[in-house]
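>>> Just a sequence and a predicted model for now, questions to come.
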Amino acid sequence: MVGGSLREDTGTYLLFFNRDVTACAYVGSLGQADGDVPPAGDVGATNLLSDANGLYVRTYNGTGSLADQPFHLAVLC
């Protein structure tokens, strides 16, 4: 990612790239870079309607509530 990121609210993130990512595939998983056990929950991503270079990402805890979770996201174009 080149453009940056913004935490919009609990479990809600905006990610920005240096190119249009609307025709790309997004694959996410919860996890940390330090090798610790990944948290329970889920992550989802979709294109950001207001910016072709952006993605809207939400992370959830094990009960399905929005929660700040560490995540990895691959964008395949």
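That came through, no problem.

>>> Can you pull up the most central residue in this structure?
Nearest to the mean C-alpha position of the chain, by Cα atoms, centre = their mean, lies Val57 at 3.8 Å.

>>> and it, helix, strand or coil?
Assigned with DSSP: H, G, I helix; E, B strand; the rest coil, Val57 falls in the strand class.

>>> Return the residues in contact with Leu14.
By Cβ atoms under 8 Å, 6 or more residues apart in numbering, Leu14 lies in contact with Ser5, Leu6, Glu8, Leu48, Gly54, Leu55, Tyr56, Val57. Where C-beta positions appear, they are placed from N, C-alpha and C, glycine not excepted.

>>> and if you look at Gln32?
So Gln32 contacts Pro38, Pro70 (Cβ under 8 Å, 6+ apart).

>>> before we move on, back to that, may I see the contacts of Leu14 organised as JSON lines, with pLDDT and distance to Ala67 added?
Output for the contacts of Leu14, formatted as JSON lines (pLDDT from 0 to 100; distance: Cβ to Cβ, whole Å):
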{"residue": "Ser5", "pLDDT": "89", "distance to Ala67": "17"}
{"residue": "Leu6", "pLDDT": "90", "distance to Ala67": "17"}
{"residue": "Glu8", "pLDDT": "93", "distance to Ala67": "14"}
{"residue": "Leu48", "pLDDT": "94", "distance to Ala67": "21"}
{"residue": "Gly54", "pLDDT": "96", "distance to Ala67": "22"}
{"residue": "Leu55", "pLDDT": "97", "distance to Ala67": "19"}
{"residue": "Tyr56", "pLDDT": "97", "distance to Ala67": "16"}
{"residue": "Val57", "pLDDT": "97", "distance to Ala67": "13"}
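
>>> Now render those as a markdown table, adding distance to Leu76.
Shown next, in a markdown table, are the contacts of Leu14 (distance: Cβ to Cβ, whole Å):
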| residue | distance to Leu76 |
| --- | --- |
| Ser5 | 18 |
| Leu6 | 22 |
| Glu8 | 24 |
| Leu48 | 17 |
| Gly54 | 16 |
| Leu55 | 12 |
| Tyr56 | 17 |
| Val57 | 15 |
